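Engineer: Fold the following and give me the result.
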Amino acid sequence: MLSVEGQHKIEDLLLTNKLLNKEQLEDSKVEALKESKPLISYIAEKELVGEEDLTRISAQAMGVPYANLSQLQVPEEIGRMLPRETAETYMAVPFGMQQGRLAVGMLDPTNIQAVDFLSRKTGHTLTVYLVSRASVDHILGQFRSDVAADLATAMDVADRVICMLEGRVVLASASDSVSREEITQAYFGLRRKGAARGAHP
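Structural biologist: As a prediction, the model looks like this:
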């Protein structure tokens, strides 16, 4: 939430960055007031300024760092640090490590309670960035839910068991150290886990 001072900074930044001219800004302020909306929300809804530009100048006004993640591919080991369900709840996505701190993009990096919770959840001190909704959605699209991950693992194990039973796999090479017994145990263990989930929604 922007303070009155932050609102004034937004107005100045809109002009100095030539995102709006004075007439457009004054018209937007009048219309936003009529609709009882924050200026930044009105501008975003009317698409008078692009989402990334609005996010960038909002970060400047709030005094927090900004990041554009819309083209970023997050390493799998970084994505695994935060479950998708938690990321969606807090609209927060991890995207890298910086000097031993986990970099996290958030829609509201000023939410101290959320930042503290996410720090405990990941086990890392965080550096938080203001990011756009498009950036959050882009990174979330790279995450798999825990259920999807379990299903993918179960399907992979099941395929290997089927191949093994059909005599099409030899588990003796150095590149595949999983034993016949381990695959069988994993397969039936996952089946039991799936049955338990189905019995207790």
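Engineer: so how many other residues sit close to residue 57?
Structural biologist: Residue 57 has 22 neighbours, counted by other Cβ atoms under 10 Å. C-betas here are computed from N, CA, C, even on glycine.
Engineer: who are the neighbours in contact with it?
Structural biologist: Listed by Cβ atoms under 8 Å, 6 or more residues apart in numbering, the contact set of residue 57 reads 10, 13, 14, 17, 19.
Engineer: filter those residues to the buried ones?
Structural biologist: For the contacts of residue 57, a burial check counting by 16 or more other Cβ atoms under 10 Å picks out 10, 13, 14, 19.
Engineer: Now the last one: closest residue in space that isn't a chain neighbour?
Structural biologist: For residue 19, the nearest residue in space outside its immediate sequence neighbours is residue 49; the separation is 4.7 Å by Cβ to Cβ, 6 or more residues apart in numbering.
Engineer: if we can go back for a sec, let me know the closest of the buried ones among the contacts of residue 57 to residue 121.
Structural biologist: Relative to residue 121, the closest of these is residue 10; by Cβ to Cβ it sits at 31.5 Å.
Engineer: which ones are touching the closest one?
Structural biologist: Contacts of residue 10 by Cβ under 8 Å, 6+ apart are 2, 39, 40, 57, 58, 61.
Engineer: Residue 53 is in contact with residue 17, correct?
Structural biologist: Yes: taking contacts as Cβ atoms under 8 Å, residue 17 lies within contact range of residue 53: 7.2 Å.
Engineer: what do these two both touch?
Structural biologist: With Cβ under 8 Å, 6+ apart, residue 17 and residue 53 have no common neighbours.
Engineer: Could you save the buried ones among the contacts of residue 57 as CSV and add columns showing distance to residue 105, pLDDT and secondary structure?
Structural biologist: Formatted as CSV, the buried ones among the contacts of residue 57 follow (distance: Cβ to Cβ, whole Å; pLDDT from 0 to 100; DSSP: H, G, I helix; E, B strand; the rest coil):
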residue, distance to residue 105, pLDDT, secondary structure
10, 20, 94, helix
13, 20, 96, helix
14, 23, 96, helix
19, 22, 97, coil
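Engineer: and the protein, what are its domains?
Structural biologist: Following the assignment in automatic domain parsing, the chain carries domains at 4-62, 76-140, 146-199.
Engineer: which SS class is the closest residue to residue 139 other than its chain neighbours?
Structural biologist: Spatially, and ignoring its direct neighbours in sequence, residue 139 is nearest to residue 93 (3.9 Å; Cβ to Cβ, 6+ apart). With DSSP: H, G, I helix; E, B strand; the rest coil as the basis, residue 93 sits in strand.
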